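J.: Sequence plus the predicted model coming up.
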Amino acid sequence: MHPCGPSSFVSGTDGVEPVSLVERIEARHADLSARAEALSLVSGLACPSGCGRCCISPNVESSVADLLPAAHALFARGDAAAVHALAAASPGWTRCVLYQPDAARPDVDGRCGLYEHRPSICRVFGFAARRAKASEGLELATCKDLRRFTPETVARAEAVIAAGFDAPRVDRAPAEIGAELGGGAAPLPINEALRRAIERLGIERALLAGGRRGGDEDDEPDRPLPPLRAA
């Protein structure tokens, strides 16, 4: 099981959100986490305490759909505009803006600032299977540090997967979640995907809020959607 515990941004106000799609994606996330944790339990595979090496990488990708639960949580906490501005200022392949490095060892240790709502790649990385390169079967997809520091545990996990254990598929999970949202499945640098997820959910929230005003639209001129950027 991933040891990097949750760390909250400041709490904010409630809003109006289209939650059905978010709930469907959250259900998929919960299933992926449970299967990754099950692999950890049967094999003993585990991250070193406080390790944030996989989060430090600037090469993490995700999709708009996969980050809708994170965007939903940011709106609920009142942090959507601030995080949107951070993501917009970090285009391309850059470290995830939700990552919070440890002050003592910032280049090694840290944690996710939105752990409970992290996307699928962050849930299964190191604890998943993928199609084997040299055969028709599956192989363990884990990080190089676990292979180097805990080779015996990695060997047990490899044997478990070879025996048919139902581990999450790191080569399929992001695309399957992305398919929940038409046009939101394409892999993107994680900060770009987060920015677009916040924008998508912000537009839907604004449209829903406008619809709930009833017949007021006839009495008021159309108003532009507010920009999702920090003031």
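T.: Sure thing, it's come through. Quantities reported herein were computed from a predicted structural model and do not represent experimental measurements. Residues are numbered from 1 along each chain as shown.

J.: packing partners for the worst-scoring helix or strand of the chain on mean pLDDT?
T.: Lowest by mean pLDDT, DSSP states H and E among the helices and strands of the chain is helix 173-178, with a mean of 81. Judged by 3 or more Cβ pairs under 8 Å, 6 or more residues apart in numbering; DSSP states H and E, helix 173-178 is in contact with helix 19-43, helix 120-124. In this view, the C-beta of every residue, glycine as well, is placed from N, C-alpha and C.

J.: And the contacts of it?
T.: Counting by Cβ atoms under 8 Å, 6 or more residues apart in numbering, helix 173-178 makes contact with 25, 28-29, 32, 61-66, 119-121, 124, 128, 184-187, all of which sit outside it.

J.: re the thing from before, of the helices and strands packed on helix 173-178, which approaches residue 201 most closely?
T.: Set against residue 201 and scored by Cβ to Cβ, these come closest in helix 19-43, at 8.0 Å.

J.: how distant is the closest one from the center of its chain?
T.: Helix 19-43 sits 12 Å away from the centroid of its parent chain (Cα atoms, centre = their mean, to the nearest Å).

J.: low-confidence ranges in this structure?
T.: Along the chain, segments meeting pLDDT under 70 span 1-19, 181-184, 211-231.

J.: hmm, try it at 90
T.: Counting by pLDDT under 90, the chain shows low-confidence ranges at 1-21, 47-57, 91, 102-111, 132-137, 145, 171-187, 204-231.

J.: Would you map the strands across it?
T.: 61-62, 99-101, 110-112, 128-131, 138-141, 188-189 (DSSP state E).

J.: name the helices or strands packed onto the third one?
T.: In this structure, strand 110-112 makes packing contacts with helix 53-56, strand 99-101, judged by 3+ Cβ pairs under 8 Å, 6+ apart.

J.: With the fourth one instead?
T.: Applying 3+ Cβ pairs under 8 Å, 6+ apart, one finds that strand 128-131 makes contact with strand 138-141.

J.: Any buried residues in the strand it packs on, and which?
T.: Going by neighbour count (16 or more other Cβ atoms under 10 Å), the buried part of strand 138-141 is 138, 140-141.

J.: just curious, which of those is nearest to residue 36?
T.: For those, the minimum distance to residue 36 (Cβ to Cβ) is 10.9 Å, reached by residue 141.

J.: Quick check: the gap between that closest one and residue 70.
T.: Residue 141 sits 23 Å away from residue 70, taking Cβ to Cβ, to the nearest Å as the criterion.
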